[in-house]
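A.B. asks: what follows is a predicted structure for the sequence shown.
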There are 2 protein chains.
Amino acid sequence: MAAPSIRARVRAEMIDEIKAVARRHLASDGANLSLRAVARDMGMVSSAIYRYFPSRDELLTALIIEAYDALGEAVEAADAGCDRLDLRGRWHAACRAARGWALAHPAEYALLYGSPVPGYAAPDDTIGPAQRPPLTLMGILRDGFDAGRLDPPPAAEMAGPLRADLADLAGMLGGELPETLLARGMAGWTQLFGLISFELFGRINRTLPHRDAYFDHQTALMADLIGLPRTG
Amino acid sequence: MAAPSIRARVRAEMIDEIKAVARRHLASDGANLSLRAVARDMGMVSSAIYRYFPSRDELLTALIIEAYDALGEAVEAADAGCDRLDLRGRWHAACRAARGWALAHPAEYALLYGSPVPGYAAPDDTIGPAQRPPLTLMGILRDGFDAGRLDPPPAAEMAGPLRADLADLAGMLGGELPETLLARGMAGWTQLFGLISFELFGRINRTLPHRDAYFDHQTALMADLIGLPRTG
DNA sequence: TTCTTTTCGAGAGCGGCGCTCTCGTTCGAC
DNA sequence: GTCGAACGAGAGCGCCGCTCTCGAAAAGAA
């Protein structure tokens, strides 16, 4: 394992090149990726691809994982670039980063968050990377609560079983996060996904030309709902 | 035009049957509808389908329009079944109806709100039916504001161009609806879409078993954000 | 160095796809 | 009763994912 053999190295490069070409095809032709077209672009015959990926779905899975990681990294980097206590600034930065990545990589975003491909079941390798964006957002809430800058909403109205579910979810975040606060955060994440999807899938283009302002206003509404203080 | 000829009648029946079979295939096999499979199910050869639909996309468009109308009707009916002044009840009923229809017709929902098919551009026939669910939700806000039961949030922070966009949008609703209120309603609609999509596309199954309670809590949060009064 | 094993790409081929074209048939409109 | 339009069947085109086989080349063992 110390010295990766030449054969292993060239094989890894081959895999990377296949993924790169596939990503290009994804960006230009949309979601229905054609193995044969990728092979053609590489000057290979289609069956040769199967030396590197056992099926088209496996290739798609590899692209999905990399896309999740790219999105997650963009969101985490934006969040990390803010003052830890500027909760609202972190929220907006993370949301804008997610939208920016999605607008820059629409086909990959559609691959991640669009309708699932019929026969395709996302393997377990994807769930970790898939959770990076929401975990980043919820981390802002956790930090805010830990710092005493975020008041938890009253827990009165939340049903017991739901509270237990959310408590389990909060356990994954490390710190202490009240269930009612987590629920508001999830509302924000859910709405963020909806915002980006609506914009990307062409549902608000006609009616709302000022998309940046709309986006910021909408994410600010959710920041209000969560209770993120207006000044860092 | 008075008496539809027999030929026209049997042709219409044929079209309906093709759509019915296609819907069945959509429900069982997912989004990648196969014209040939539909033809097989009808005891026809594939080329015969082209007597009734010029292309697979046209068949999909017909299914999409019908699905939009079915969803819209479900939402409108749920809303209509409530006391006009029970704004919060109407909101919850409409949201639950949308979710119920989506859970009952997941493949059709994916067709409507999933990632757009690469080559496929939604024709103008679809935009009317597509607006029925959000128009129903915004109608609740308009009624509430008209009745004086909904206080508009302060308009101070909203940028001018965005306010103009939203004013145009509000014009489509007939009554008077402040832009800030409409923005909150749109946030609710956006989050509703995200909620349903996350649930349908399997993103919260593991972590949140009590889905009904979660859904109701999340829609209630948005009702709070909008300012819908808690008692009808 | 020689021999064996593994890896790799090419090629043919299978069934399925959307779609087109042609060719008889059938059936309604005149 | 005749004519023309509508119709379904069939063959075929180029595409797809995927499998199998075969020869070349490279890597490891003798």
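C.D. replies: Yep, that arrived.
A.B. asks: any idea how far A:Ser55 is from DNA strand C?
C.D. replies: Per CB to the nearest atom of the strand, to the nearest Å, A:Ser55 is found 13 Å from DNA strand C. The way it works is simple: take the backbone N, C-alpha and C, and place the C-beta from them, glycine included.
A.B. asks: what about the helices in chain A?
C.D. replies: A:6-29, A:35-41, A:46-49, A:56-80, A:87-104, A:106-113, A:127-130, A:132-146, A:160-171, A:179-200, A:211-226 (DSSP state H).
A.B. asks: rebuild those helices as a markdown table, extending it with mean neighbour count and mean pLDDT.
C.D. replies: As requested, these are exported to a markdown table (neighbours: other CB atoms under 10 Å in any protein chain shown; pLDDT from 0 to 100):
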| stretch | mean neighbour count | mean pLDDT |
| --- | --- | --- |
| helix A:6-29 | 14 | 93 |
| helix A:35-41 | 17 | 97 |
| helix A:46-49 | 14 | 98 |
| helix A:56-80 | 19 | 97 |
| helix A:87-104 | 21 | 98 |
| helix A:106-113 | 22 | 94 |
| helix A:127-130 | 16 | 92 |
| helix A:132-146 | 21 | 97 |
| helix A:160-171 | 17 | 93 |
| helix A:179-200 | 25 | 97 |
| helix A:211-226 | 21 | 97 |
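A.B. asks: save those as CSV, and put in distance to B:Gly114 too.
C.D. replies: Formatted as CSV, those follow (distance: least, CB to CB, whole Å):
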stretch, distance to B:Gly114
helix A:6-29, 16
helix A:35-41, 22
helix A:46-49, 27
helix A:56-80, 15
helix A:87-104, 15
helix A:106-113, 9
helix A:127-130, 17
helix A:132-146, 19
helix A:160-171, 25
helix A:179-200, 9
helix A:211-226, 21
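A.B. asks: any idea which of those gets closest to B:Phe201?
C.D. replies: helix A:106-113 (7.8 Å; CB to CB).
A.B. asks: is DNA strand D within reach of that closest one?
C.D. replies: No. Contact of helix A:106-113 with DNA strand D (CB under 7 Å from any atom of the strand) is absent, the minimum separation being 14.2 Å.
A.B. asks: so what does that helix touch, helix or strand wise?
C.D. replies: helix A:6-29, helix A:56-80, helix A:179-200 (3 or more CB pairs under 8 Å, 6 or more residues apart in numbering or on different chains; DSSP states H and E).
A.B. asks: I'd like those as TSV, with distance to A:Thr231 appended.
C.D. replies: What follows is the helices and strands packed on helix A:106-113, written out as TSV (distance: least, CB to CB, whole Å):
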stretch	distance to A:Thr231
helix A:6-29	40
helix A:56-80	18
helix A:179-200	19
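A.B. asks: and chain B, which of these is closest to it?
C.D. replies: Proximity to chain B (CB to the nearest CB) singles out helix A:179-200 among those, at 3.5 Å.
A.B. asks: elements contacting that closest one?
C.D. replies: Secondary elements touching helix A:179-200 (3+ CB pairs under 8 Å, 6+ apart): helix A:87-104, helix A:106-113, helix A:132-146, helix A:160-171, helix A:211-226, helix B:179-200, helix B:211-226.
A.B. asks: swap the cut-off to 6 Å and go again
C.D. replies: Other elements packing on helix A:179-200 under the criterion 3 or more CB pairs under 6 Å, 6 or more residues apart in numbering or on different chains; DSSP states H and E are helix A:87-104, helix A:132-146, helix A:160-171, helix A:211-226, helix B:179-200, helix B:211-226.
A.B. asks: which parts of chain A sit against DNA strand D?
C.D. replies: A:5-7, A:33-37, A:46-47, A:50, A:54-57.
A.B. asks: try 6 Å this time
C.D. replies: Neighbours of DNA strand D within chain A, by CB under 6 Å from any atom of the strand: A:5-7, A:33-37, A:46-47, A:50, A:55-57.
A.B. asks: in CSV, list the helices and strands packed on helix A:179-200 along with distance to DNA strand C.
C.D. replies: Putting the helices and strands packed on helix A:179-200 into CSV (distance: least, CB to the nearest atom of the strand, whole Å) gives the following:
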stretch, distance to DNA strand C
helix A:87-104, 29
helix A:132-146, 31
helix A:160-171, 41
helix A:211-226, 32
helix B:179-200, 23
helix B:211-226, 33
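A.B. asks: to A:Ala122, which of those lies closest?
C.D. replies: helix B:179-200 (13.4 Å).
A.B. asks: that older thread, for the residues of chain A next to DNA strand D, work out which two are farthest apart.
C.D. replies: A:Ser5 and A:Ser34 (31.8 Å).
A.B. asks: hmm, who's touching stretch A:73-85?
C.D. replies: A:Gly89, A:Arg90, A:Ala93, A:Ala94, A:Ala97, A:Ala98, A:Trp101, A:Pro133, A:Thr136, A:Gly232 (CB atoms under 6 Å, 6 or more residues apart in numbering or on different chains).
A.B. asks: now, the most widely separated pair of the residues you listed?
C.D. replies: Between all members of the contacts of stretch A:73-85, the farthest pair (by CB to CB) comes out as A:Trp101 and A:Gly232, at 24.0 Å.
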